[in-house]
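Undergrad: Below: sequence and its predicted model.
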Amino acid sequence: MLEYRAYEEIERYLNGQMAAEEKAGFEALLHADVRLAEQVREHRHMLQALKGYGKRQHLRQQLNLIHSEMEAGGQATTPNPWKVYWNRQKQTIAVAASVSLLSVFGTLWSVQQMKAPVKQQTARYVELRREVERLKKAQTALMNGINDASKPVAPRPAAFSGTGFAISADGYVVTSSHVVEGADSIMIENKSGLKYKVSEIYRDEIHDLSILKIADESFEGFGKLPYTFKDTESDLGERVFTLGYPREDIVFGEGSLSSASGFEGDTTAYQISIPLNPGNSGGPLLDDKGNLIGVISGKQAGQEGAAFAIKSAYLLQLIEELANAGQVQPLTLPKNNALSAQSRPQQLKKLKEYIFIVKVYN
Amino acid sequence: MKKRLYETDEAVIEGIRRSDERALAHLYKLYFPMISHFILSNSGTEDEAKDIYQEGVIVFYEKTRDNSLELTCQIKTYLYSVCRRLWLKRLAEKGRYATRLDETDSFVPVEEDTLQHEEQERQFGVMGDALEQLGEPCRSLIEDYYIRMQNMQDITDKFGYTNTDTAKNQKYKCLQRLKKIFFATYKPEV
């Protein structure tokens, strides 16, 4: 019952309400009694906390009051809501943006990966006509013309060139139709420097063949052609060769017949393994014996050793059509093969007289 | 008119020392927009801004009241520093790592002040809980006597005790319980 008196004592001591004498007595007691001292310490601590708590609560109320008063006054200014929104959400937005970017580019990349093999299959077919550096030279010619008007203007160089070969003694020459496409005038020229003006008299776009006829009056005939035309299919693996003009000089190319069908399964052509270049188009494809088995037409872009030649059967068909159309006299095709027993260099020596560079002007 | 009274920092501090409520109100209204802007720019809400700002003002107010404030800069900078410190702590607790704060003002180191404040907050939090657990009428009795400083006679009348002795005895019992609850959870950090 009297315990609370002890508390009162402690409180009086803590509040400094004791008289000097009493205080001294109490302090002496504190020194002696450790438990009492501990109690006093605790009590003080708790009262401090309690009072501090009370004060803090009061202060808080006061601040809340001020705050609501301020808000009522409408003084609270907030920064631009967009900015606030952005600041609050920017981490999320950044993550979302990077995820979507990643998935977009990831998808693009993987789609490309999947498409890569398909792409190879849809490789382009390249026609092998040679585009001569036209612009540059044309400009030089023009400048020469201005500088020295009295001088005769230098002959305009050809825009395109290809290869062609004779199919009959009376001046018929065959080449690829893409070589002479869009031509104003066509000239042919062989290794020994014979130069003729020719005109296109028949064209088969489907098989990419054109027949040209020499229009020069001075032309007197080729003489007897040394090769014959084969009308049956040649066998796989047969050794074949060609002569052509991928540059200004005649170039020999050798290889074998690597497939009985051409680009994308085209049965009208062979696939051959001869390295070819622009300018080879329209060249003859001959077998070991010197029989003409095809006409060079093109190659597959980005694929090594895949060149194509139109089968000679279609050339013969074309020649027949030409005669049936009644525009010209039936062609007399060569009957005897003069090459079959000879060595390759000998064959070439004879052949090259009948192989022409086809120059196309437009 | 009222505003002119507290135009300088010194005047505000003087006012707070004199327990002038208008000084506090003036100070509060003056710097709230700044802190609010700071908190809102650093992924906080309106309520959090209010919360943090009040903490800051409390630190300033209490330190001013017991003359322990060593102000080496403007009140504005001090408040900003305290609030900034508190907000960083709050962000860390929320698990948001603000690698880069969008600073809206310069600041001074105030770690000591905020640490002290946090320790006090903890203590008062425990006290608040303890009082909550104490229940009525003990709580009102204790609060009336120790916080609102009413005298024993008024309390005796208010609670309908027969005499002050009964009231004192009751108060003693309540305080005993409060003490037990309080020290059960609160260990002062040495």
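TA: Okay, I see it.

Undergrad: Could you use CA atoms for every contact and neighbour count after this?
TA: Fine.

Undergrad: What residue in chain B comes nearest to chain A?
TA: Nearest residue of chain B to chain A (C-alpha to the nearest C-alpha) works out as B:Ser43 at 4.3 Å.

Undergrad: would A:Asn280 count as being in a helix?
TA: No. Counting by DSSP: H, G, I helix; E, B strand; the rest coil, A:Asn280 is located in no helix; its state is coil.

Undergrad: Quick check: it vs A:Ser168, distance?
TA: Distance of A:Asn280 to A:Ser168, given as C-alpha to C-alpha, to the nearest Å: 21 Å.

Undergrad: between those two, who's got more neighbours?
TA: Between A:Asn280 and A:Ser168, A:Asn280 has the larger neighbour count (other C-alpha atoms under 10 Å in any protein chain shown), namely 33 against 19.

Undergrad: is it true that the more buried one touches A:Arg129?
TA: Yes. Under the contact definition of C-alpha atoms under 8 Å, A:Asn280 touches A:Arg129, with a separation of 6.8 Å.

Undergrad: sorry, back to before: what's the separation between the residue of chain B closest to chain A and B:His37?
TA: With C-alpha to C-alpha as the criterion, B:Ser43 and B:His37 are 10 Å apart.

Undergrad: what is in contact with these two at once?
TA: Common neighbours of B:Ser43 and B:His37 (criterion: C-alpha atoms under 8 Å, 6 or more residues apart in numbering or on different chains): none identified.

Undergrad: Is the residue of the stretch 201-350 of chain A found nearest chain B part of a helix or strand, or is it coil?
TA: Taking C-alpha to the nearest C-alpha, chain B has its nearest neighbour within the stretch 201-350 of chain A at A:Gly302, 52.9 Å off. What three-state DSSP gives for A:Gly302 is coil.

Undergrad: What score does it have for pLDDT?
TA: At A:Gly302, the model reports a pLDDT of 72.

Undergrad: Tell me how many other residues surround it.
TA: Residues near A:Gly302, counting by other C-alpha under 10 Å, number 12.

Undergrad: Next, A:Leu209: phi, psi?
TA: Reported as degrees, to the nearest 10, the phi and psi values for A:Leu209 are phi -130, psi 140.

Undergrad: So what pairs up with it in the strands?
TA: Assessed by DSSP bridges, A:Leu209 has beta-bridge partners A:Asp204.

Undergrad: ok, it touching A:Val179?
TA: No. Using C-alpha under 8 Å, A:Leu209 is not in contact with A:Val179, being 9.2 Å away.

Undergrad: shared neighbours, the two?
TA: A:Gly282.

Undergrad: Find the nearest non-adjacent residue to whatever residue of chain A ends up closest to chain B, please.
TA: Minimum separation of chain A from chain B (C-alpha to the nearest C-alpha) falls at A:Arg88, amounting to 4.3 Å. Leaving aside its sequence neighbours, A:Arg88 sits nearest to B:Ser43 (C-alpha to C-alpha, 6 or more residues apart in numbering or on different chains; 4.3 Å).

Undergrad: List the contacts of the one you found.
TA: B:Ser43 touches A:Val84, A:Asn87, A:Arg88, A:Gln89, counting by C-alpha under 8 Å, 6+ apart.

Undergrad: still on that earlier bit, show me which of A:Leu209 and A:Val179 is the more surrounded one.
TA: Neighbours per residue (other C-alpha under 10 Å) separate A:Leu209 from A:Val179, with A:Val179 holding more: 30 against 25.

Undergrad: Just to check, the more buried one is in contact with A:Ser161?
TA: Yes. Here A:Val179 reaches A:Ser161: they are 6.8 Å apart, a contact under C-alpha under 8 Å.
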